[in-house]
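>>> Starting from these lines, generate the structure:
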Amino acid sequence: MRTDDLLPYLTSLHAKGLVEDAWSESTLERVASGLLRIAVDFGLMTGAIVREFASYHLPDQCFIYLLHALKEKLPSARQVVHAPDWRMYFLEPDDVERELFRHHQFRRLNYEVAGSLAQLTLPCTTAAAYAREMLS
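Have a look, this model is predicted:
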């Protein structure tokens, strides 16, 4: 991704009423460059002139905490795996299931699948209990 790739989006902000006055060409260039630089600073992108999206890995403790929180809210393991909340972390259901199998392999949780049936057993009964355990 280059700064030129962001220019159509930034130009459209005025048409949508999100920017009061249309920005000059130099302002558009500075804003586009700044946005890409911020994305690199936050680890979302890599590169200098041509930037690419960086792959993101949710830390293991965070993943398991989110599993606890979703399991409190959703009745079945399948619904936990397919919860739209995972999109916030750039995870698709296949990614979630792959992580579940990995954690199962290391005995951090129990995840079993047989056909369309799935069972998920987590280390703690609630997300709060898991958070307390992580602090001790």
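
>>> Quick one, grab the pLDDT at the residue lying closest to residue 74 once chain neighbours are set aside.
Of all residues not flanking residue 74 in the chain, residue 80 sits nearest, at 5.2 Å (Cβ to Cβ, 6 or more residues apart in numbering). C-beta coordinates here come from the backbone N, C-alpha and C atoms, glycine included. Turning to residue 80, the model gives it a pLDDT of 97.

>>> Just the helices from the chain, written as ranges.
Using DSSP state H, the helices found in the chain span residues 3-15, 25-41, 60-73, 77-81, 93-105, 127-135.

>>> got the contact list for the most centrally placed residue in the chain?
Among the residues of the chain, the one closest to the centroid is residue 89, at 1.0 Å (Cα atoms, centre = their mean). Contacts for residue 89 (Cβ atoms under 8 Å, 6 or more residues apart in numbering) come out as 56, 58, 66.

>>> out of those residues, which one sits closest to residue 105?
The closest of these to residue 105 turns out to be residue 58 (Cβ to Cβ; 17.3 Å).

>>> from what I can see the residue nearest to residue 74 touches residue 120, true?
Yes. Residue 80 lies in contact with residue 120 (Cβ atoms under 8 Å); the separation is 6.3 Å.

>>> intersection of neighbour lists for the two?
In contact with both residue 80 and residue 120: 67, 71, using Cβ under 8 Å, 6+ apart.

>>> neighbouring strands for the lowest-mean-pLDDT helix or strand in the chain, and are they parallel or not?
Within the chain, no helix or strand scores below strand 52-53, which has a mean of 84 by mean pLDDT, DSSP states H and E. According to DSSP bridges, strand 52-53 has the following sheet partners: strand 45-46 (antiparallel).
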